[in-house]
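Asker: Make a model of this:
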Amino acid sequence: MHHSIEIKNLTFSYPDGTTALHDVSLSIEPGEKVALVGPNGAGKSTLILHLNGILSGQGFVRVCSLEVIKENLGRIRSCVGLVFQSPEDQLFSPTVFDDVAFGPLYQGLHPAEVLQRVDQALEAVHMLSYKKRVSHHLSMGEKKRIAIATVLSMHPEVLVLDEPTGLLDPRSRRSLIHLLQELPLTMLVSTHDMLLVREIFPRMIVLDEGRVVADGPTQVVMNDTALLEAHGLERP
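Answerer: This next block holds a predicted model:
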C-alpha cells in the first residue's frame, strides 16, 4: 500500500550522545491530516527533519514512495514541503515573488511555468496582491503564509509544518487555521496548540522522550486526561 509517510524503527542520537528518537514507527496515508504533539524536547522537530533528509538516523523512512536516502533527496525535497517554525528561515529574497519563485527556478522550470506556479501558490494562501512586497517588512502572520507559499510553489504531495501558529496574534492564528483547513494536501503538523489540533486534525500522535506514546483519533486521545497529564499536555 502506498503511504505518504512511512517510518519504521527510527532511532536518532545527536553528536553529544543525546538520543532524541527511540524506535519510532508510524505511517500516514494520502490525504490524512495528522497532528504531532508532545512537550518541549519530545523529539518532534527531530522527527520532522528526517522527512526530507536534513537529519538521518537508524531505521527506515519513506515519503511519497521514495526511501529517504542521499540519491533521492532532490525528488523528496520537492515532494515534501517543510515549513519551519520561524518564517525568517525560509524568506531571504528581495521580494515575495522572488521567495516563492526560488524553488521552481532552482528546479530549472521554464520562466512561464515559474510565473504560473508563483501566482497559484500565492492565490492558495490569499496573498497574490503581495507579490512585489518586501518579505521582511510583513507581519508574522503574513510571513507564515508566504513561507507556506514557498513550498506550495514546488507542488508538494505532503506538507509538514513546525509550530505553524507560534508567535501569531489571535486574528492571524484564526486566518492560518482556515488556510490549513482549505489546503487539500497530506499534512503532518508539529504543534503545542491543542485547540488547533482539536479543530483541524482527526488524528493525533503523542511523542514524549523520543517515543510514540499514543496514536489515534484526536477525540479519543484528547479525552484521555491521565495520558495527557502524564506527558505534559493539557486538554483545551
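Asker: so where's this structure shaky on pLDDT?
Answerer: Applying pLDDT under 70 to the chain picks out residues 1.
Asker: Do a quick rundown of the strands in it.
Answerer: For the chain, the strands defined by DSSP state E occupy 5-13, 19-28, 33-37, 58-63, 66-67, 80-83, 158-162, 186-190, 203-208, 211-217.
Asker: residues contacting the closest residue to residue 139 other than its chain neighbours?
Answerer: Closest residue in space to residue 139, ignoring its immediate chain neighbours: residue 172 at 6.9 Å, by Cβ to Cβ, 6 or more residues apart in numbering. Glycine gets a C-beta too; all of them are placed from N, C-alpha and C. With contact set as Cβ atoms under 8 Å, 6 or more residues apart in numbering, residue 172 has these partners: 139-142, 144.
Asker: Return a ChimeraX selection command for the buried portion of these.
Answerer: Under the burial definition 16 or more other Cβ atoms under 10 Å, those of those that qualify are selected in ChimeraX by:
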select :141,142,144
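Asker: Of the contacts of residue 172, which pair is most distant in space?
Answerer: Of all pairs drawn from the contacts of residue 172, the widest gap by Cβ to Cβ lies between 139 and 144 and measures 9.1 Å.
Asker: if I look at the closest residue to residue 149 other than its chain neighbours, how far off is residue 150?
Answerer: Among residues not flanking residue 149 along the chain, residue 121 sits closest, at 4.2 Å (Cβ to Cβ, 6+ apart). In this view, residue 121 and residue 150 are 8 Å apart by Cβ to Cβ, to the nearest Å.
Asker: do the same with residue 39
Answerer: To residue 150, residue 39 is 29 Å away according to Cβ to Cβ.
Asker: Compare the two (neighbour count), which wins?
Answerer: Shown here are residue 39 and residue 150; by other Cβ atoms under 10 Å, residue 150 has more neighbours (26 against 14).
Asker: Now do the contacts for the more buried one.
Answerer: So residue 150 contacts 90-91, 99-100, 102-103, 121 (Cβ under 8 Å, 6+ apart).
Asker: Now rank the residues you listed by neighbours and give me the top one.
Answerer: Within the contacts of residue 150, most neighbours by other Cβ under 10 Å means residue 100, with 32 neighbours.
Asker: didn't that one look like it was pressed against residue 147?
Answerer: No. Between residue 100 and residue 147 there is no contact under Cβ atoms under 8 Å: 9.7 Å.
Asker: nearest to residue 212, of the contacts of residue 150?
Answerer: Residue 212 lies nearest to residue 90 out of the contacts of residue 150, by Cβ to Cβ, at 27.9 Å.
Asker: hmm, back to that, would you mind listing the residues touching both of residue 100 and residue 147?
Answerer: Listed contacts common to residue 100 and residue 147 are nil; contacts here mean Cβ under 8 Å, 6+ apart.
Asker: What is the burial count for the residue lying closest to residue 156 once chain neighbours are set aside?
Answerer: Distance criterion Cβ to Cβ, 6+ apart; nearest residue to residue 156, sequence neighbours excluded, is residue 81 at 3.5 Å. Each residue near residue 81 was counted by other Cβ under 10 Å, and the total is 26.
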